[in-house]
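With the sequence up front, the predicted model follows.
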Amino acid sequence: MHNVANPELLRYRNRMSDYGNIIRGVRERNPQSQMMFYDLFIRSVYRSAYSIVGNENEAEEIAQDTMLKAFDRIDLLNDDAGDMERIMRRIALNAAIDATRRRKNFIFSCEDIPDAEDTGIADDEYDFSIEEIKEAVAILSDTYRGILYLRLFENMSFAEIADMLKINCSTARVQYTRGIAKLRDFLIKKRSYV
């Protein structure tokens with residue numbers, strides 16, 4: 001059996017193997033290198049921003065601003081592609097959180113959030129795909145969406161989340177627990193309608 005490689009994957013691997021040349025070019029402000037750098041990271045930067053703001057236009061703007069920040073501040077550039085992607089995603093996440101706060105006077109208050117209803121269904125009764133979970137997280141309120149995304153998909157600790165969102169660690173835990181309950185409730189209700 002012959003393995004046929006995905007052409008897009010091959011192009012990506014070739015670019016990643018040329019990453020050293022790309023990053024040197026970006027530091028020298030070479031437009032072609034900047035475009036290659038942009039192509040390498042724009043999707044993950046956009047996805048990170050979108051996961052928090054939940055709005056395509058706003059996520060696009062944040063992604064563009066993140067890329068411009070990297071081009072303007074060459075001290076941010078890292079010679080390791082994996083580290084650079086994490087840096088870019090972190091910049092986008094911070095910008096998205098800031099945008100959400102500005103947009104809605106973003107307030108994290110445990111008292112304002114109603115408790116999720118108990119479904120009475122055992123945890124192991126339902127298995128949900130990553131795509132189902134991501135889709136459901138995107139529908140949740142800003143408060144829950146941000147914390148769940150950071151915890152579930154960015155693997156951040158509660159201390160890191162609390163520091164990033166400028167809230168107490170216990171507040172982050174409570175909101176995460178309530179967000180998980182709302183997420184589970186939404187997924188179970190959605191599954192029961194299918």
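Received it, and whenever you're ready, just let me know what you need. Fair warning: this is a prediction, and the values are worked out from it, not measured in the lab. Numbers count the residues shown, from 1 in each chain.

The residue most central in space within the chain: what's it in contact with?
Central residue of the chain (Cα atoms, centre = their mean): Ser48, 2.8 Å from the mean position. Listed by Cβ atoms under 8 Å, 6 or more residues apart in numbering, the contact partners of Ser48 are Arg89, Ala92, Leu93, Ala96, Glu154. Glycine gets a C-beta too; all of them are placed from N, C-alpha and C.

Same question for Glu56.
Tyr50.

one step back: now the contacts of Ser48 as JSON lines including pLDDT, neighbour count and secondary structure?
As requested, those are arranged in JSON lines below (pLDDT from 0 to 100; neighbours: other Cβ atoms under 10 Å; DSSP: H, G, I helix; E, B strand; the rest coil):
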{"residue": "Arg89", "pLDDT": "91", "neighbour count": "19", "secondary structure": "helix"}
{"residue": "Ala92", "pLDDT": "92", "neighbour count": "28", "secondary structure": "helix"}
{"residue": "Leu93", "pLDDT": "88", "neighbour count": "23", "secondary structure": "helix"}
{"residue": "Ala96", "pLDDT": "87", "neighbour count": "25", "secondary structure": "helix"}
{"residue": "Glu154", "pLDDT": "81", "neighbour count": "16", "secondary structure": "coil"}
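
Identify, from these, the entry nearest to Ile42.
Ala92 (10.1 Å; Cβ to Cβ).

what about that closest one, distance to Asn168?
As judged by Cβ to Cβ, to the nearest Å, Ala92 and Asn168 stand 25 Å apart.

Equivalent analysis for Met67, please.
From Met67 across to Asn168, the span is 33 Å (Cβ to Cβ).

Looking only at neighbour counts, state which of the two leads.
Legend: neighbour count by other Cβ atoms under 10 Å for Met67 and Asn168, higher for Met67 (20 against 13).

that older thread, and the residue nearest to the centre of the chain, how far is that from Gly146?
For Ser48, the distance to Gly146 (Cβ to Cβ) stands at 11 Å.

which residues touch the residue nearest to Phe41 when sequence neighbours are not counted?
Nearest-residue entry for Phe41: Met88, 5.0 Å, with adjacent residues in sequence omitted and distances by Cβ to Cβ, 6 or more residues apart in numbering. Contacts of Met88 were listed using Cβ under 8 Å, 6+ apart, and they are Phe41, Ser44, Val45, Thr66, Met67, Ala70.

correct me, but Leu37 touches Ala70?
Slight slip there: residue 37 is Phe, not Leu. Yes - when contacts are counted by Cβ atoms under 8 Å, Phe37 is listed as touching Ala70 (7.4 Å).

what touches both of the two?
Listed contacts common to Phe37 and Ala70 are Val26; contacts here mean Cβ under 8 Å, 6+ apart.

Show the residue spans covered by the helices in this protein.
Using DSSP state H, the helices of the chain run over residues 7-17, 19-27, 31-53, 56-72, 81-104, 130-139, 142-148, 158-165, 169-193.

Name the stretch among the ones you listed that sits most buried.
helix 142-148 (a mean of 24; mean count of other Cβ atoms under 10 Å).
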